[in-house]
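J.: heads up, no residue letters with this:
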């Protein structure tokens, strides 16, 4: 599919994502990584590189890197090395960051996702282990900044893509898919507000077929909404600059949600500016094939494989299967409901429809849904056996969601929603309606199919909505010849 153009320009985006690993301690020390502690209470001597201290590799961080490599179809290096990335900033206590440069632990791989119904694949360059820096605090101080070193040494995986993304919509879809993968396999909690999943977008524009343009890096995008806004603004800004005859300078920029604009923070450095060299305090990281096999054996079923199984085992459309595997909790909820009621497509419709609508309105996850998978299955069962209609089922669902009741059958009885399945009683209602509406009868028999609707409405009203619509249509057509 050809790339979409913006004002005659092709947008080119590459991503760098920092995923904070779900270890209890830092990457090279035993200091805690718990969020929300008082400033500067979780930075130990190792994190600060005080004289006489040595870093020790956190095995759990390596295990999570292996898991990501397996999930993304990457090559996992049996031997990788750590390097010192040298730069000077107040929140970097060592004056360097321990990272990986020439030989990262995870190499290559890809992320597959959908934009609408179009499949996309973004190639990965690498994912490397590194430590986080501290944090500069500007808001709480007048005329000065504070430094909180609690995050210093927090374990990160930096996941770097090729410049394969061609629109802000595609960028958001990629970021959401990567977010789903790292949370699904349990290597990151994905909390964007706390900084556990931070994205940097390298954005440039060019005329179709021209060499790559000069990129500007939008740092620390911590919401999908702001991500799209920031990229859209940056694209418009760069095109405006070029059209006005000005050159784009490589830079690091920040997005201001209040103004909806990006602003330059500093000139963008190249790798040579960081003077990388192997860290003399850390030996090469060696990963035995047996370790990779142990991690593989512990991996959960991946979302793309689960989606394929939902298509195969439950006969779901691919779209349904993809939507239901957006989170592990939603997939488990659907599968429990579908297994219990034996109506997979109905269960899919309800989970993707009414359940998701209520979750979004309440701004909660499916783990907090007031209606359990077992209750939903019971409700679907009563639709399937014609005890209630679809409209009545929504009333029962309302009662379950609001806590009016917890038993489906009891709510059906209490609300008087049981469908009328007595054909004799229903036939009497139909006969009365036919007698009262001779004009509709004549029009239908004259070939006006829409006249049937003028008969169905009064029948449903006379039955107080309890008549089975399918049975009503069958009996009507039979009586009308």
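T.: Structure received. As the structure is a computational prediction, the values presented were derived from the model and not from experiment.

J.: which helices and strands does the helix or strand containing residue 430 pack with?
T.: Following DSSP states H and E, one finds residue 430 within helix 423-436. Under the contact criterion of 3 or more Cβ pairs under 8 Å, 6 or more residues apart in numbering; DSSP states H and E, helix 423-436 touches helix 453-462, helix 469-479. Every C-beta, even on glycine, is put in place using the N, C-alpha and C of the backbone.

J.: can we see that at 6 Å?
T.: helix 453-462 (3 or more Cβ pairs under 6 Å, 6 or more residues apart in numbering; DSSP states H and E).

J.: quick one, the helix it packs on and helix 469-479 angle?
T.: Helix 453-462 runs at 130 degrees relative to helix 469-479, counting by axes from the mean of the first three to the mean of the last three Cα atoms, to 10 degrees.

J.: Distance from helix 453-462 to the middle of the chain?
T.: Taking Cα atoms, centre = their mean, to the nearest Å, one finds helix 453-462 lying 45 Å from the centre of the chain it belongs to.

J.: pLDDT of it, averaged?
T.: Average pLDDT, helix 453-462: 79.

J.: So which bits of it are buried?
T.: Under the neighbour-count criterion of 16 or more other Cβ atoms under 10 Å, helix 453-462 has 454-456, 458-460, 462 buried.

J.: and the angle from that helix to helix 423-436?
T.: Using the same axes, to 10 degrees: helix 453-462 against helix 423-436 is 130 degrees.

J.: Could you list every helix and strand in contact with helix 453-462?
T.: Helix 453-462 packs on helix 423-436, going by 3+ Cβ pairs under 6 Å, 6+ apart.

J.: helix or strand right after the helix it packs on?
T.: Using DSSP H and E, the next helix or strand after helix 423-436 towards the C-terminus is helix 438-445.

J.: Now that following helix: buried residues?
T.: Buried, per 16+ other Cβ under 10 Å, within helix 438-445: 440-441, 443-444.

J.: Grab the two from these that are most spread out in space.
T.: Taking Cβ to Cβ as the measure, the buried residues of helix 438-445 span a maximum distance of 7.4 Å, between 441 and 443.

J.: how about low-confidence regions in the stretch 201-350 of the chain?
T.: The model of the stretch 201-350 of the chain has pLDDT under 70 over residues 268.

J.: For it, just list every one of the strands.
T.: With strands called from DSSP state E, counting those that start in this stretch, the stretch 201-350 of the chain shows them at 216-221, 251-256, 261-267, 277-278, 285-286.

J.: need the ones you listed in a markdown table with mean neighbour count and distance to residue 102, can you?
T.: Listed next are those as a markdown table, based on neighbours: other Cβ atoms under 10 Å; distance: least, Cβ to Cβ, whole Å:
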| stretch | mean neighbour count | distance to residue 102 |
| --- | --- | --- |
| strand 216-221 | 20 | 21 |
| strand 251-256 | 18 | 23 |
| strand 261-267 | 13 | 24 |
| strand 277-278 | 14 | 8 |
| strand 285-286 | 14 | 13 |
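
J.: Residue 228 is nearest to which of those strands?
T.: Within those, the stretch nearest residue 228 is strand 216-221; the backing value is 9.3 Å (Cβ to Cβ).

J.: roughly how far is that closest one from the heart of the chain?
T.: Centroid separation for strand 216-221 versus its chain: 20 Å, with Cα atoms, centre = their mean.

J.: So which residues of the stretch 101-250 of the chain form helices?
T.: With helices called from DSSP state H, counting those that start in this stretch, the stretch 101-250 of the chain shows them at 168-184, 224-243.

J.: ok, back up a step: want to try TSV for the strands of the stretch 201-350 of the chain, with distance to residue 60 as columns?
T.: Output for those, formatted as TSV (distance: least, Cβ to Cβ, whole Å):
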stretch	distance to residue 60
strand 216-221	25
strand 251-256	31
strand 261-267	33
strand 277-278	23
strand 285-286	13
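
J.: For residue 364, which of these is the nearest?
T.: strand 216-221 (24.2 Å).

J.: before we move on, the earlier item: deepest in the core, which of the helices of the stretch 101-250 of the chain is it.
T.: Looking across the helices of the stretch 101-250 of the chain with neighbours counted as mean count of other Cβ atoms under 10 Å, the highest average goes to helix 168-184: a mean of 21.

J.: elements contacting it?
T.: If you count contacts as 3+ Cβ pairs under 6 Å, 6+ apart, helix 168-184 packs onto strand 110-115, helix 224-243.

J.: can you redo those as TSV with distance to residue 98?
T.: Listed next are the helices and strands packed on helix 168-184 as TSV, based on distance: least, Cβ to Cβ, whole Å:
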stretch	distance to residue 98
strand 110-115	26
helix 224-243	28
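
J.: what comes into contact with stretch 26-33?
T.: Contact partners of stretch 26-33, identified using Cβ atoms under 6 Å, 6 or more residues apart in numbering, comprise 42, 44, 46-47, 55, 58, 61, 131, 153-155.

J.: In strands, which of those residues fall?
T.: Among the contacts of stretch 26-33, the members falling in strands (DSSP state E) are 131, 155.

J.: picking up where we left off before, can you list the buried residues of helix 453-462 in TSV and add distance to residue 160?
T.: Shown next, in TSV, are these (distance: Cβ to Cβ, whole Å):
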residue	distance to residue 160
454	64
455	66
456	61
458	66
459	64
460	60
462	67
